[in-house]
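**Student:** here is a sequence together with a model predicted from it:
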Amino acid sequence: MSTLLPTRRRLSLGLALAAALTGLGAYTASAASAATVPAPIPLTSPACPANLQLGEVDGCVTQLQVELNRTGATLTVDGQFGSATDTAVRTFQASHSLTVDGIVGPATKSSLDAAAAAASGTVDLRTQCGDLQTGATGACASTLQTMLNTFNAGRLTVDGQFGPATDTAVRNFEAAHALTIDGIVGTAVKNALYTSTPTPLPSGPVSPTKVLNAAKSYLGVPYVWGGGHSLHGEGPGPSLGTCDQYTGPQPCKANTTAGLDCSGLVRAAFWFGAGIDLANGGDTTEQTLDSHLTPITESQRQPGDVEYFGTDAHNTVHAVLYAGTDPATGTDMMYEAKETNTNVHYVTLRTGGYWYHVSG
């Protein structure tokens, strides 16, 4: 199920500022439905608690319910760990010789992941599947989704449908492994999936180097209004956006092109570089309110800090990531997703905005 962005504040002001700043790339969207299901998060992700149990409400429970259904349960997938989910967990534990306590800890997660993958009809992508891309279905797509989740490339529901969320995860995987970023799972991507060693997302103190390397991997990715904001439940990274309320250069390509907008780029850099999901996919203003951000002065800036542009420190329409001083030119540089018809680029720093340091 698609996951819309949280309610956006100051919409009309944000659009006016975006126009005034010549399309500097802010993204806002209409309010999400109160019934929106949390986007699925792999059970072994650092974003999930070590133990899931009664009362939990988040994307980890969404994934839990999906996997339980793949192994025989008939739950409503709503991201809420209620009595029905508790019963389904206990039933699964009993049938797999696990402690029957309704708590989804490491042993239950591991067993459930394996059972769900088996139920999906796991195959060998290299020998049993041709090239995979948007539109693919069946066991090949399910296996691909399971493997991409292992690499933390996405937060995919393993449903055998290669849609926008899976496309985003493939592009994230390609970027992380220095492959052509095209969303097509051919020989090179398959070989990387089977020969690379999955590593957990970074945690602990933020490493500016890792954050900037993550941003660098997206150089050349198209700017897309709303790109990178989990509109389809895919998690951080290049994705389709939306043409809803879009007022930038025409034509709007967001419904057909996978890419990133300004805050989508910042989000992806910190998710894949530090394991921090700023504002859970929120826009520039919501990112400035994230608890990981500390306001600093321009003179205090260091590589990896974020600069937001707007009318005040918490009413912003654009964001860039400070890359530090280029040793070859002695010029301060930034990573930026600027506007439609441009790509993520590495350019001379533009100052005059509001500065923030991001910490773990």
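**Tutor:** Done, it's in.

**Student:** quick one, grab the pLDDT at residue 220.
**Tutor:** You'll see residue 220 listed with a pLDDT of 91.

**Student:** for the protein, give me the ranges with low pLDDT.
**Tutor:** The model of the chain has pLDDT under 70 over residues 1-35, 117-121.

**Student:** go again with 50.
**Tutor:** Scanning the chain for pLDDT under 50 picks out 1-35.

**Student:** all helices for it, in order.
**Tutor:** For the chain, the helices defined by DSSP state H cover 11-20, 59-70, 83-95, 106-119, 125-128, 139-150, 164-176, 187-195, 208-216, 262-274, 284-288.

**Student:** export those as TSV, with columns for distance to residue 239 and mean neighbour count.
**Tutor:** The way it works is simple: take the backbone N, C-alpha and C, and place the C-beta from them, glycine included. As requested, those are exported to TSV (distance: least, Cβ to Cβ, whole Å; neighbours: other Cβ atoms under 10 Å):
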stretch	distance to residue 239	mean neighbour count
helix 11-20	20	16
helix 59-70	16	24
helix 83-95	28	17
helix 106-119	24	17
helix 125-128	22	13
helix 139-150	14	22
helix 164-176	4	25
helix 187-195	18	15
helix 208-216	16	20
helix 262-274	8	28
helix 284-288	17	25
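
**Student:** compare those and give me the one nearest residue 245.
**Tutor:** Within these, the stretch nearest residue 245 is helix 11-20; the backing value is 7.0 Å (Cβ to Cβ).

**Student:** picking that back up, can you tell which of the helices of the chain is closest to residue 255?
**Tutor:** Minimum separation from residue 255 across the helices of the chain (Cβ to Cβ) falls at helix 164-176, 10.1 Å.

**Student:** I'd like the helices of the chain as TSV, with distance to residue 51 appended.
**Tutor:** Below are these laid out as TSV (distance: least, Cβ to Cβ, whole Å):
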stretch	distance to residue 51
helix 11-20	39
helix 59-70	10
helix 83-95	11
helix 106-119	8
helix 125-128	32
helix 139-150	20
helix 164-176	26
helix 187-195	29
helix 208-216	28
helix 262-274	23
helix 284-288	29
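
**Student:** okay, residue 100 and residue 92: tell me how far apart.
**Tutor:** Note on residue 100: its distance to residue 92, by Cβ to Cβ, to the nearest Å, is 9 Å.

**Student:** select, out of the helices of the chain, the one closest to residue 50.
**Tutor:** helix 106-119 (7.0 Å).

**Student:** ok now the strand ranked longest in the chain, how far from the chain's centre?
**Tutor:** Across the chain, the longest stretch assigned as strand under DSSP state E is strand 315-325. Between the centre of strand 315-325 and the centre of its chain there are 19 Å (Cα atoms, centre = their mean, to the nearest Å).

**Student:** how about residue 56, what does it touch?
**Tutor:** 49, 80, 81 (Cβ atoms under 8 Å, 6 or more residues apart in numbering).

**Student:** swap in 6 Å and give it another go.
**Tutor:** By Cβ atoms under 6 Å, 6 or more residues apart in numbering, residue 56 lies in contact with residue 81.

**Student:** same question for the one 3 residues further on.
**Tutor:** The neighbourhood of residue 59, defined by Cβ under 6 Å, 6+ apart, consists of 38, 39, 40, 41.
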